[in-house]
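J.: what follows is a predicted protein model with its sequence.
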Amino acid sequence: MNDKISAKHLERAAYVYVRQSSLQQVRNNQESNRRQYALQDRASELGFGNVVIIDEDLGISGAGHHDRPGFSRLLTAVCDGRVGAGKRSGRGMRQDDLMHLVRGNARQRGLTAPRPG
């Protein structure tokens with residue numbers, strides 16, 4: 001168990017937001033897909049009994065004004081206090097989106113996992 005993860009965190013769900021920006025990336029980057037989905041196993045190893053995978057936004061760019069239902073679902077879960085820990089997958093996330101998640105999760109006393117490395 002990680003010393004930053006408390007029993008209160010483990011009572012909530014861990015959320016993994018899986019995304020790639022284009023359908024071409026989804027088709028051609030199978031290793032990235034595999035690594036992103038493997039985060040579910042890592043959350044279980046850390047003690048989370050409920051791990052939610054959000055992958056509806058695969059192939060949808062975060063640039064511009066594209067509707068991203070998965071991100072909206074994640075942000076709602078964060079603001080409702082349902083997230084014990086969150087891990088964003090994929091290469092990039094717009095800075096304003098990331099800040100909404102981090103601030104919302106901090107208000108609800110959840111954890112936002114950093115990128116490895």
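T.: Structure's in. What do you need?
J.: and stretch 53-60, how far apart are its ends?
T.: Across stretch 53-60, the terminal residues are separated by 16 Å (Cα to Cα, to the nearest Å).
J.: contacts for that stretch, please.
T.: Stretch 53-60 has contacts (Cβ atoms under 8 Å, 6 or more residues apart in numbering) with 15-23, 25-26, 37, 40, 66-71, 73-74. In this view, the C-beta of every residue, glycine as well, is placed from N, C-alpha and C.
J.: among these, name the ones in helices.
T.: Residues of the contacts of stretch 53-60 located in helices (DSSP state H): 23, 25, 26, 37, 40, 69, 70, 71, 73, 74.
J.: filter those down to the buried ones.
T.: 25, 26, 40, 70, 71, 73, 74 (16 or more other Cβ atoms under 10 Å).
J.: which one of these is nearest residue 5?
T.: Minimum distance to residue 5 across those is 15.9 Å, recorded for residue 40 (Cβ to Cβ).
J.: shouldn't the closest one be in contact with residue 17?
T.: No: assessed by Cβ atoms under 8 Å, residue 40 is found out of contact with residue 17, at 11.6 Å.
J.: so where's this structure uncertain?
T.: The chain contains residues with pLDDT under 70 at 1-2, 64-65, 86-117.
J.: what are the ranges of the strands in it?
T.: 13-17, 51-54, 83-88, 111-112 (DSSP state E).
J.: to residue 7, which of those lies closest?
T.: strand 83-88 (9.8 Å).
J.: so how many other residues sit close to the residue nearest to residue 47 when sequence neighbours are not counted?
T.: Closest residue in space to residue 47, ignoring its immediate chain neighbours: residue 10 at 5.1 Å, by Cβ to Cβ, 6 or more residues apart in numbering. Here the count is done by other Cβ atoms under 10 Å, and residue 10 has 17 residues near it.
J.: dump the ones in helices among the contacts of stretch 53-60 into a markdown table; add distance to residue 54 as well.
T.: Below are the ones in helices among the contacts of stretch 53-60 laid out as a markdown table (distance: Cβ to Cβ, whole Å):
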| residue | distance to residue 54 |
| --- | --- |
| 23 | 18 |
| 25 | 17 |
| 26 | 15 |
| 37 | 11 |
| 40 | 11 |
| 69 | 9 |
| 70 | 4 |
| 71 | 8 |
| 73 | 6 |
| 74 | 5 |
